[in-house]
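**Q** based on what follows, work out the 3D shape:
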Amino acid sequence: MARKIVITSGKGGVGKTTVTANLGAALSVMGQRVALMDIDIGLNNLDVAMGIENRVVYDIIDVVEGRCRPKQALIQDESFSSLYIMPSSHLPDKSAISAQSVKALTERLSQSFDYILLDCPAGIDIGFHRAVTAADEAIVVTTPHISSIRDADKVLTLLNTYELVNINVVVNRARGDLIASGEMLSPLEISDLLKRKLSGVIPESDEVTKNLSFGRLLGGGEIRECFLTLAENIHKGTRKIYDCTHKYRGILGAIKRSIKKRI
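**A** From the prediction side, this is the model:
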């Protein structure tokens, strides 16, 4: 049976889809069978992030309404053989799919996968309920900005009303230079504010933006390391956190911070 994890946040633009795609790839690298499900009906972009938008024939609504089998809608990633994507629909009619139909579909897929990651729409309306109802666990993605942290706190409060086994928090777009100079909240401070231990920290990186533009996942260097660490934490229950400030410490680090401010 698969572990069913919803990836959510309090607001849009924090990188839920980026985390979903790259975490799925990292779990696949670890030998896990992973299905990614885009539950953002009408505003779907997981297929774009994965670089498969031109390969979509059937979507989740086709499956729910019986026009195809789940296997026909799943698209295998070309770079990660054990990673599959269930695309969402671009149609704006969100009433076409209910929370119970999504839950039933995840139960069917759970027989064939180790993990099912559900990319949740932003906000806390019916789309949020639709995605969370189908999950057993949750990952809340936030950025180090106060507005994002406040919204994440609201989502965590809502998630506590569901019967979830685990609720994890990931800090995305952390600026190591600003954290080192005290100009941005540190992961530890965010953990204290949310009263939750963190499962991962992903630094702000042009590499992520570049990879998404070309539908590439993980890449190399620190981004790959961060997502592999996150995947290990989720899979094994460990709490290894990548230190995105290590490059900006000491004399050389101060020089790097100074240069980055001028760019």
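**Q** which residues of this protein fall in helices?
**A** With DSSP state H as the criterion, the chain has helices at 16-29, 46-49, 60-64, 70-73, 99-109, 126-133, 146-159, 176-180, 187-194, 206-213, 221-236, 250-262.
**Q** which of the ones you listed sits most buried?
**A** helix 16-29 (a mean of 26; mean count of other C-beta atoms under 10 Å). For every residue, glycine as well, the C-beta is placed using N, CA and C.
**Q** hey, least reliable of the helices of the chain by pLDDT?
**A** Least confidently modelled of the helices of the chain is helix 250-262, at a mean of 61 by mean pLDDT.
**Q** closest one to Val169 among the helices of the chain?
**A** Among the helices of the chain, the nearest to Val169 by C-beta to C-beta is helix 187-194 (5.9 Å).
**Q** so Thr133 makes contact with Ala104?
**A** No: using C-beta atoms under 8 Å, Thr133 is not in contact with Ala104; the gap is 10.5 Å.
**Q** quick one: Leu188 and Asp38, what's the gap?
**A** Going from Leu188 to Asp38 by C-beta to C-beta, to the nearest Å gives 33 Å.
**Q** on that earlier part again, now render the helices of the chain as TSV, adding distance to His90.
**A** Formatted as TSV, those follow (distance: least, C-beta to C-beta, whole Å):
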stretch	distance to His90
helix 16-29	15
helix 46-49	9
helix 60-64	10
helix 70-73	14
helix 99-109	17
helix 126-133	15
helix 146-159	25
helix 176-180	37
helix 187-194	34
helix 206-213	18
helix 221-236	27
helix 250-262	38
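**Q** tell me which of the ones you listed lies nearest to Ile116.
**A** Per C-beta to C-beta, nearest to Ile116 of those: helix 99-109, 5.4 Å.
**Q** just want the angle from that closest one to helix 126-133.
**A** 40 degrees (axes from the mean of the first three to the mean of the last three C-alpha atoms, to 10 degrees).
**Q** so how far is helix 99-109 off the chain centroid?
**A** 19 Å (C-alpha atoms, centre = their mean, to the nearest Å).
**Q** pull the residues that contact that helix.
**A** With contact meaning C-beta atoms under 8 Å, 6 or more residues apart in numbering, helix 99-109 is reached by 2, 4, 35, 37, 39, 60, 63-64, 70, 86, 116, 118, 126, 129-131, 133-135.
**Q** just the endpoints, please. Distance across stretch 155-166?
**A** 14 Å (C-alpha to C-alpha, to the nearest Å).
**Q** now that stretch, how far from the centre of its chain.
**A** 17 Å.
**Q** mind listing residues that contact it?
**A** 8-10, 124, 128, 132-133, 135-138, 140, 167, 169, 194, 196.
**Q** closest to Glu207 among those residues?
**A** The closest of those to Glu207 turns out to be Ser9 (C-beta to C-beta; 21.4 Å).
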